[in-house]
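Participant: Sequence and computational prediction follow.
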Amino acid sequence: LASVFFPTGGGVAGLLLTYGIFAVTFLFRPLGGAVLGVLGDRLGRRKALLVSLAIITFATTLIGLTPGYAVIGLAAPVLLLLFRLAQGFSAGGETSAAVTLVGEHAPAARRAFYVSFVQAASFTALLTGTFLGLVLSRTLSEDALHTWGWRIPFLLALPLGLVGLWIRRRIAE
């Protein structure tokens, strides 16, 4: 991503800027948890989960569609930052709403066991994304990976997110 979104063509400075953008998004997680938590309390957990999934789906897809620095200049890293902040906001709201919803629906004697699947699913998604990155980096040439291959995981968010939204619309409140 550093070679796509920053003028230095990557390098250490570009890599540090990319990591910085990814790190600063963690500051938005508590805000997302607070805002979407209030939304969940007032309008229901299902609505909060629909909003959080919609935000992260579209922000992630937009990262995959954003032209690089060579095409739009400084707008590229600025857009990357904005989309990553939206992802952080969404992730914070997702966690609190998902844990609460699962806890409310779980049998009292098995509540902790059921809630543990929320965290396990999060790590499974991380592992799947890492595996996809490994497959892409091993099967595509370096040029293909830097030109278009890096976009694949981000663009997969759209169909996966739409399926998730369809499933979540059916969750009981």
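Facilitator: Okay, I see it. Numbers count the residues shown, from 1 in each chain.

Participant: Can you show me the helices along this structure?
Facilitator: Here the chain has its helices, by DSSP state H, at 2-5, 11-24, 29-43, 45-65, 69-72, 75-105, 111-139, 142-144, 151-155, 157-168.

Participant: Would you mind giving those helices as TSV with mean pLDDT and mean neighbour count added?
Facilitator: (Glycine included, C-beta is placed from N, CA and C.) Output for the helices of the chain, formatted as TSV (pLDDT from 0 to 100; neighbours: other CB atoms under 10 Å):
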stretch	mean pLDDT	mean neighbour count
helix 2-5	84	21
helix 11-24	83	15
helix 29-43	92	17
helix 45-65	95	20
helix 69-72	92	14
helix 75-105	92	20
helix 111-139	94	12
helix 142-144	93	10
helix 151-155	96	17
helix 157-168	95	14
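
Participant: Could you report the pLDDT at the residue of the chain most remote from its centre?
Facilitator: What lies farthest from the middle of the chain is Ala109; by CA atoms, centre = their mean that is 32.2 Å. Here the pLDDT value assigned to Ala109 is 94.

Participant: what about it, distance to Phe117?
Facilitator: Distance, Ala109 to Phe117, by CB to CB, to the nearest Å: 16 Å.

Participant: What of Leu140?
Facilitator: Distance from Leu140 to Phe117, by CB to CB: 33 Å.

Participant: swap in Phe123?
Facilitator: Taking CB to CB, one finds Phe123 at 11 Å from Phe117.

Participant: ditto for Trp150
Facilitator: Per CB to CB, Trp150 is found 31 Å from Phe117.

Participant: same thing with Ile63?
Facilitator: 27 Å.

Participant: Equivalent analysis for Leu49, please.
Facilitator: Relative to Phe117, and taking CB to CB, Leu49 is found at 15 Å.

Participant: For Leu43, give me its contacts.
Facilitator: With CB atoms under 8 Å, 6 or more residues apart in numbering as the criterion, no residue contacts Leu43.

Participant: Going forward, count from 28.
Facilitator: That works, and once the first residue is 28, the last one we named lands at Leu70.

Participant: ok, Phe85 - contacts?
Facilitator: 113, 185, 188.

Participant: Would you check that the last one makes contact with Ile82?
Facilitator: Pointing back at Gly188 there. No - look at Gly188 against Ile82 with CB atoms under 8 Å: they stay out of range, at 9.7 Å.
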